[in-house]
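>>> The following comprises the amino acid sequence and a computationally predicted model.
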Amino acid sequence: MERLLVIGGPTATGKTALGIRLAKKFQGEIISADSRQVYREMDIITGKDTNKFSIFHFQFSKNNFRLGYYLINGIRVWLYDLARPDYRFNVADYVACARAVVEDIWRRGKRPLLVGGTGFYLRALVDGVDTINIKPDWLLRGKLANYPVAKLAKDLQQLDPQKWRQMNASDRQNPRRLIRALEIASHRQPLWGVRGSPPRGVKSDQLFIGLTAPFPFLYQQIDRRVEQRVAVGAEQEAKRLFKKYGQNSVLGVTIGYQQWQDFFAGRVSRQQALRRWQSAEHAYARRQVTWFKRDRRIKWFDIRRNKWQDKAEAYVNRWLAQNAS
């Protein structure tokens, strides 16, 4: 069976750096699993590891998406820059593209490393998700966006009580997840009766690595990284993209861009925008930790520990040595 290495965890833990190290060691290529780095031009604020001198190497198309890679420290990194910010890229798009790239990497005798912090993208590709083909209903989302959390919760309890029982306390207070659950419940009934069985995950032997650290340490890492991105032009990037695509694009719902928009509109000061960006990144890290901690397959490595990268590499090496031909 083919092998697939998965590296996940909260933001600012160095997942891509570890991925590049392991890819160099084990003849691998990286497949990004980041729901914002799939967008073109959204570079500085999303933290893509590319620069203005990088060249996009187009390879093939899938579902009208141009798939290719950037060379970063000599390693191919796939699934950056798939869509414009005014396109609503979704998890079904991601799985179609990522599956095609995984299979291409296997055909060429290389090892795919799935690397990123968007846990839902990782799970959808690896395990399959039975709601993946239920596309966003933007009219419904627009309507539900005005509802308070209590109203969303009450509606979900009535429409899909089983889903409500499965949600944890955090999910029940998260309007985005409540809205998605209502959206799925509204469209679920006829789906599989018409289209057959839900899509399955990619068939492979998998190893899961998670990078972590205590929240105070993570917050320091995040704050420093936000300041670095401001120093290299985050504000200018946000201003240019809002002018080009408008706030109704994905920019309006993306951490970093949202906070600059408040500053451009005169609602907050520049310093307040910066602090709000950092706070939003902190909250996102907490949500990521909650998501990934549910998966008991993950072997965790604390990035504060001495030689943690060496230990992660040794862990992967043992896995690859098992049943090696």
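Looks like it came in fine. Residues are numbered from 1 along each chain as shown.
>>> so Phe120 sits in a helix?
Yes. Assessed with DSSP: H, G, I helix; E, B strand; the rest coil, Phe120 lies in a helix.
>>> Listing request: residues of this protein with sub-threshold pLDDT.
Across the chain, residues meeting the criterion (pLDDT under 70) sit at 50-53, 130-135, 187-200, 323, 325.
>>> mind listing the helices for the stretch 1-150 of the chain?
Remark: helices assigned in the stretch 1-150 of the chain by DSSP state H, counting those that start in this stretch are 15-26, 91-107, 119-127, 138-144, 149-159.
>>> name the helices or strands packed onto the fourth one?
If contacts are counted by 3 or more CB pairs under 8 Å, 6 or more residues apart in numbering; DSSP states H and E, helix 138-144 sits against helix 175-187. In short, each C-beta sits where N, CA and C put it, glycine included.
>>> need the helices of the stretch 1-150 of the chain in CSV with distance to Lys203 and mean neighbour count, can you?
Listed next are the helices of the stretch 1-150 of the chain as CSV, based on distance: least, CB to CB, whole Å; neighbours: other CB atoms under 10 Å:
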stretch, distance to Lys203, mean neighbour count
helix 15-26, 20, 20
helix 91-107, 10, 19
helix 119-127, 10, 21
helix 138-144, 33, 12
helix 149-159, 33, 15
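>>> Tell me which of these sits nearest to Leu178.
Nearest to Leu178 among these is helix 149-159; the distance by CB to CB comes to 4.0 Å.
>>> Identify the single longest helix in this protein, thanks.
helix 270-292 (DSSP state H).
>>> related to what we said a few turns ago, let me know which of the helices of the stretch 1-150 of the chain is the nearest to Leu274.
Closest of those to Leu274 is helix 15-26, at 23.7 Å (criterion: CB to CB).
>>> before we move on, back to that, and the angle for the longest helix of the chain with helix 119-127?
Calculated by axes from the mean of the first three to the mean of the last three CA atoms, to 10 degrees, helix 270-292 forms an angle of 30 degrees with helix 119-127.
>>> Give me the distance from helix 270-292 to the chain's centre.
Remark: helix 270-292 is offset 15 Å from the chain centroid, using CA atoms, centre = their mean, to the nearest Å.
>>> what comes up buried for that helix?
273-274, 276-278, 280-282, 285, 287-289, 291-292 (16 or more other CB atoms under 10 Å).
>>> which element follows that helix toward the C-terminus?
Following helix 270-292 in sequence order, the next helix or strand is strand 298-302 (DSSP states H and E).
>>> Output the contacting helices and strands for that following strand.
Strand 298-302 makes packing contacts with strand 205-212, helix 308-321 when contacts are defined by 3+ CB pairs under 8 Å, 6+ apart.
>>> Tell me the bridge partners for Gln206.
In this structure, Gln206 bridges to Leu4 when assessed by DSSP bridges.
>>> Cross-check the contact I'm expecting between it and Val6.
Yes. Counting by CB atoms under 8 Å, Gln206 does reach Val6; the two are 6.1 Å apart.
>>> More neighbours: which of those two?
The neighbour comparison of Gln206 against Val6 (other CB atoms under 10 Å) goes to Val6, with 24 against 18.
>>> Distance of Pro10 relative to Arg40?
25 Å (CB to CB, to the nearest Å).
>>> The two: which is more packed in?
With neighbours defined as other CB under 10 Å, Pro10 and Arg40 compare such that Pro10 has more, 27 against 15.
>>> Give the closest residue to Trp164 in space, chain neighbours not counted.
Among residues not flanking Trp164 along the chain, Gln157 sits closest, at 4.7 Å (CB to CB, 6 or more residues apart in numbering).
>>> Quickly list the domain ranges of this protein.
Domain ranges of the chain: 3-130+201-227+295-321, 138-195, per automatic domain parsing.
>>> Quick check: end-to-end length of the longest one?
Chord length of domain 3-130+201-227+295-321, first to last residue, is 11 Å (CA to CA, to the nearest Å).
>>> Check stretch 257-275 too.
Length of stretch 257-275, first residue to last, CA to CA: 13 Å.
>>> try stretch 264-275
Counting by CA to CA, you get 15 Å between the two ends of stretch 264-275.
>>> How about residues contacting it?
Residues from elsewhere that reach stretch 264-275 (CB atoms under 8 Å, 6 or more residues apart in numbering): Val226, Glu227, Val230, Glu235, Ala238, Lys239, Phe242, Gln259, Trp260, Asp262, Phe263, Arg276.
>>> nearest to Lys311, of those?
For these, the minimum distance to Lys311 (CB to CB) is 28.8 Å, reached by Val226.
>>> Surely the closest one is in a helix?
Yes. Remark: Val226 belongs to a helix, assigned using three-state DSSP.
>>> What about it, how many residues nearby?
Residues near Val226, counting by other CB under 10 Å, number 23.
>>> roughly how far apart are Thr290 and Gln173?
Distance of Thr290 to Gln173, given as CB to CB: 12 Å.
>>> I appreciate the help and will end here.
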